[in-house]
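Structure, please.
(chains A and B)
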Number of protein chains: 2
Amino acid sequence: MDVEQLRDQVLKLTQVGIALSSVHDIDDLLKMIVREARHFTCADAGSLYLVKDDHLYFAISQNSTLKKRLGKDGERALFSPFSLPISTKSIAGYVAVTRKNLNIPDVYEISEDSPYSFNADFDMRNDYRTRSMLTVPMLDHRSKVLGVLQLINATHDGKVVEFDPQLEDLVHSMASQAAVAVNNAMLTSEIKRVHLDTIMRLSVAAEYKDKDTAQHIQRVSRYSEALARQLGWPKDKQELLLYSAPMHDVGKIGIADAILLKPGRLTDEERRAMQEHTTIGASIMSGSDSPVLQMSEQVALYHHEKWDGSGYPQGLEGENIPLVGRILAVADVFDALSSKRVYKGALSINETMEILKKDSGSHFDPQCVEAFTQILDEVVEIKEKFSDDQENI
Amino acid sequence: MDVEQLRDQVLKLTQVGIALSSVHDIDDLLKMIVREARHFTCADAGSLYLVKDDHLYFAISQNSTLKKRLGKDGERALFSPFSLPISTKSIAGYVAVTRKNLNIPDVYEISEDSPYSFNADFDMRNDYRTRSMLTVPMLDHRSKVLGVLQLINATHDGKVVEFDPQLEDLVHSMASQAAVAVNNAMLTSEIKRVHLDTIMRLSVAAEYKDKDTAQHIQRVSRYSEALARQLGWPKDKQELLLYSAPMHDVGKIGIADAILLKPGRLTDEERRAMQEHTTIGASIMSGSDSPVLQMSEQVALYHHEKWDGSGYPQGLEGENIPLVGRILAVADVFDALSSKRVYKGALSINETMEILKKDSGSHFDPQCVEAFTQILDEVVEIKEKFSDDQENI
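Numbering: from 1, shown residues only, chains lettered A, B, ... in the order given. Predicted coordinates:
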């Protein structure tokens, strides 16, 4: 390799590093790592393992030859998840233990004296011939092994060749950049998960006396998210709604026990006081510059508005009701009708959908009811996943 | 530069990229960027500007010569924050607009025809001679200009020389890696900020009826954080406490209005019911695998325990009370005494501290009271920053 070639490789390498650092979805990131490392080394195939406890978990695999032969779905079907103990007996394990690159010209000619050996099962089952293999550890900035990257069958002019030893350092660097990117993506996803957990718990707490369950809040939030997706919202806005929806009833915190817990029918005055949970909720969230809290303010304020203008607190009509309010109305009522409460049994999904359809155009935005009908399978899945019988959120 | 040298540079470069990606504190990150870029190019000095709206904000500066002459504090005092409009008239502005490197052998010999010119004020004021200057844009993965990195006076054998044009691409790459790292750090810090905002708001909401103010919750949380720092807790644990402390009274959500809002003295039975806000709060947070929620469970459960065992709910004694509980006890009581409530005036800081000291060893952990006394200046600052007169949290 001359200076010019090396220069090009380097610039490519840092571009990859930059690209990796800016992907925050872990699955997308892992795919990108294997794809870019394969391109960089002209490898026919590649796999990535992640370390968890004392095992290597097979996370992703790409194989250009098999993809051509079997199509994308066929390629995907070949790889089932499995894990390896971290030991020097396997090639990936050996690299995880020694934390050094391993560049093997032909895996079928590994010496008997080697601690590791090649497992030919995959080749036999799929009529593939693995030959050259470059395996590198994914070391993070503290030199902790986060995973192992395995590149298979370097190709040159259509023939399988050895991996260029000069590229080893660069691939090693790329794998480390990848490790840090994976660490960052995991950190971000962890912070977000905790954020959602906090919102869920505090929202459940807000309905402590009302005995609305954690499961009710989970379901309404997930129905809303799914409905937003069906309505074509972009992914980040769907996520905002998932985070905001749990807070739709936090205003109930401000309602007097005498009204909130009254067993019988409310008087007109009491009902008006009860309806204030929408404005109280909105005031709790108001004035924030965070998109989540801004949306939760809208969710709290508008989830009891009705399409025909007969709702509260503002009596808005049709598209004057912000869409988040119209989405929540469908999700909230669906869940109320299809769940058991102390004072009533649960309606079946069919009975519930009949009511939603009957009230489409009066209570509900017809477009939302229509979209909700289209995702009914997913709704049922959510309903089962967060059923009232289970306690964990 | 031969292949070997380039190779070394490259490996150094990717190491820097990896190191940058793993720093999450923005200030630390900016310092690291300038420091590493200076080392990489043997530059005597360096500065970094960040883009905000249509201005470049001077974020950081390092100058080895002036540091030797003036010491660290002297060096720091030289640089006061300022901003430049993004236009081609300044060197940094020109680079931000054109998004290309600018490698100037001597800034005092910039041609009159150039759109940009060098501002010699700094040199004159500080008896410094800027000569060679390499200025590169910090482009993120979408090629958006996030900032500008300026390196000053490349040195070789103790003499100022031009910046090696062969290094330009590499510095450009480094600046882009830095841009992505800055983006990521900002994203993480934004998610965390929103998380804290959410916790604060929902905690305030939980005390809606109790009329404990947002400011009370802010102050108690900040006092607790400062006290933990004084007690020698590591930074990440201090932060956990800042996030957990707001939730110390969320259990009040479960207390009946008749007790929570009773104006007069509580009966024994009512007092026992009121005390359940500790266990209710803990139950709301229980069973989470998130460190923030685990700590908030402890905060809720133990903040009314007393050092001599006379507190509730468990009547724990001395160091059997988890330290978070002992910290919160001091912070919470300090704030209650030193703030005005509907039914009482505010005590002065001195009066409040007298009471804390008197009850040290009975109500409070003596070590916590002692540490709180040591940070009294900071406590007063927090008290003023989050005073009840201002409404914003």
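
Just give the closest residue to A:Thr14, not the sequence neighbours.
B:Ser173 (3.9 Å; C-beta to C-beta, 6 or more residues apart in numbering or on different chains). Just so you know, the C-beta spots here come from the backbone N, C-alpha and C atoms, and that holds for glycine as well.

any idea how far the helix or strand where the one you found lies is from the chain center?
Element membership for B:Ser173, per DSSP states H and E: helix B:168-206. Mean C-alpha position of helix B:168-206 versus that of the full chain (C-alpha atoms, centre = their mean, to the nearest Å) differs by 11 Å.

and the longest strand anywhere in chain A, which strands flank it?
Using DSSP state E, we find that the single longest strand of chain A is strand A:145-156. Sheet pairing of strand A:145-156 (DSSP bridges) gives strand A:43-52 (antiparallel), strand A:133-139 (antiparallel), strand A:159-161 (antiparallel).

Can you add mean neighbour count and give these back as a markdown table?
Listed next are these as a markdown table, based on neighbours: other C-beta atoms under 10 Å in any protein chain shown:
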| stretch | mean neighbour count |
| --- | --- |
| strand A:43-52 | 22 |
| strand A:133-139 | 25 |
| strand A:159-161 | 13 |
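
Dump those strands to JSON lines, plus distance to B:Tyr208 and mean pLDDT.
Output for these, formatted as JSON lines (distance: least, C-beta to C-beta, whole Å; pLDDT from 0 to 100):
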{"stretch": "strand A:43-52", "distance to B:Tyr208": "43", "mean pLDDT": "95"}
{"stretch": "strand A:133-139", "distance to B:Tyr208": "49", "mean pLDDT": "96"}
{"stretch": "strand A:159-161", "distance to B:Tyr208": "69", "mean pLDDT": "96"}
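
Could you point out which of these sits nearest A:Ala300?
strand A:43-52 (39.7 Å; C-beta to C-beta).

so that closest one versus helix A:168-206, what angle?
Here the directions of strand A:43-52 and helix A:168-206 differ by 50 degrees (axes from the mean of the first three to the mean of the last three C-alpha atoms, to 10 degrees).

Now the element after strand A:43-52, going C-ward?
Counting by DSSP H and E, the next helix or strand C-terminal to strand A:43-52 is strand A:55-63.

Tell me the strands beside that following strand, with direction?
Next to strand A:55-63 in the sheet, as set by DSSP bridges, lie strand A:43-52 (antiparallel), strand A:83-85 (antiparallel).

Average pLDDT for it, rounded please.
Taken as a whole, strand A:55-63 has a mean pLDDT of 93.

So for that strand, what gets flagged as buried?
A:55-56, A:58-63 (16 or more other C-beta atoms under 10 Å in any protein chain shown).

Is it possible to get TSV of the strands paired with strand A:145-156 that adds distance to B:Phe386?
Shown next, in TSV, are those (distance: least, C-beta to C-beta, whole Å):
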stretch	distance to B:Phe386
strand A:43-52	43
strand A:133-139	44
strand A:159-161	67
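
Of the ones you listed, which is nearest A:Ser348?
Ranking those by proximity to A:Ser348 (C-beta to C-beta) places strand A:43-52 first, at 42.1 Å.

Tell me which residues are up against the closest one.
A:30, A:33-35, A:37-38, A:56-66, A:84, A:86, A:92, A:96, A:130, A:134, A:138, A:145-155, A:160, A:163, A:182 (C-beta atoms under 8 Å, 6 or more residues apart in numbering or on different chains).

mind redoing it with 7 Å?
Contacts to strand A:43-52, defined as C-beta atoms under 7 Å, 6 or more residues apart in numbering or on different chains, come from residues A:30, A:33-34, A:37-38, A:56-65, A:86, A:92, A:96, A:145-155.

With stretch A:106-122 instead?
The contact list for stretch A:106-122, computed with C-beta under 7 Å, 6+ apart, reads A:88-91, A:94, A:104, A:128, A:130-133.

and if you look at stretch A:265-283?
With C-beta under 7 Å, 6+ apart, stretch A:265-283 has contacts from A:247, A:249-252, A:254-255, A:259, A:262, A:297, A:300-301, A:304, A:312-313.

now for that stretch, what's the gap between its first and last residues?
27 Å (C-alpha to C-alpha, to the nearest Å).

Next: stretch A:357-377.
End-to-end distance for stretch A:357-377, by C-alpha to C-alpha: 17 Å.

Pull up the gap between A:Leu11 and B:Leu13, please.
Per C-beta to C-beta, to the nearest Å, A:Leu11 is found 10 Å from B:Leu13.

And the pLDDT at the residue lying farthest from the centre of chain A?
Distance to the chain centre peaks in chain A at A:Thr267, reaching 45.5 Å (criterion: C-alpha atoms, centre = their mean). A:Thr267 carries a pLDDT value of 95.

same deal with the one 5 residues further on?
pLDDT, the model's per-residue confidence, is 95 for A:Arg272.

Quick one: neighbours of it, just the number.
13 (other C-beta atoms under 10 Å in any protein chain shown).

Could you measure from it over to chain B?
18 Å (C-beta to the nearest C-beta, to the nearest Å).

now A:Asp44
For A:Asp44, the distance to chain B equals 25 Å [C-beta to the nearest C-beta].

what does A:Ile375 give?
Distance, A:Ile375 to chain B, by C-beta to the nearest C-beta: 28 Å.

Over to A:Pro165?
12 Å.

which one is that residue nearest to, not counting chain neighbours?
A:Asn103 (6.2 Å).

now that neighbour: how far from A:His39?
18 Å.

Those two - which one has more neighbours?
A count of neighbours by other C-beta under 10 Å puts A:Asn103 above the other of A:Asn103 and A:His39, at 18 against 12.

can I assume the residue nearest to A:Pro165 is in contact with A:Gln150?
No: between A:Asn103 and A:Gln150 there is no contact under C-beta atoms under 7 Å: 11.4 Å.

Beyond the helix or strand of chain A with the lowest mean pLDDT, next helix or strand please.
Ranked by mean pLDDT, DSSP states H and E, the weakest helix or strand in chain A is helix A:3-21, scoring a mean of 77. Counting by DSSP H and E, the next helix or strand C-terminal to helix A:3-21 is helix A:26-41.

What residues does the stretch 151-300 of chain A have near chain B?
Taking C-beta under 7 Å from any C-beta of the partner chain as the test, the list of the stretch 151-300 of chain A residues beside chain B reads A:169, A:173, A:176-177, A:180-181, A:183-184, A:187-188, A:191-192, A:194-195, A:197-199, A:201-202, A:205-206, A:208-209, A:250, A:253-254, A:256-257, A:284-285, A:288, A:290, A:292-293.
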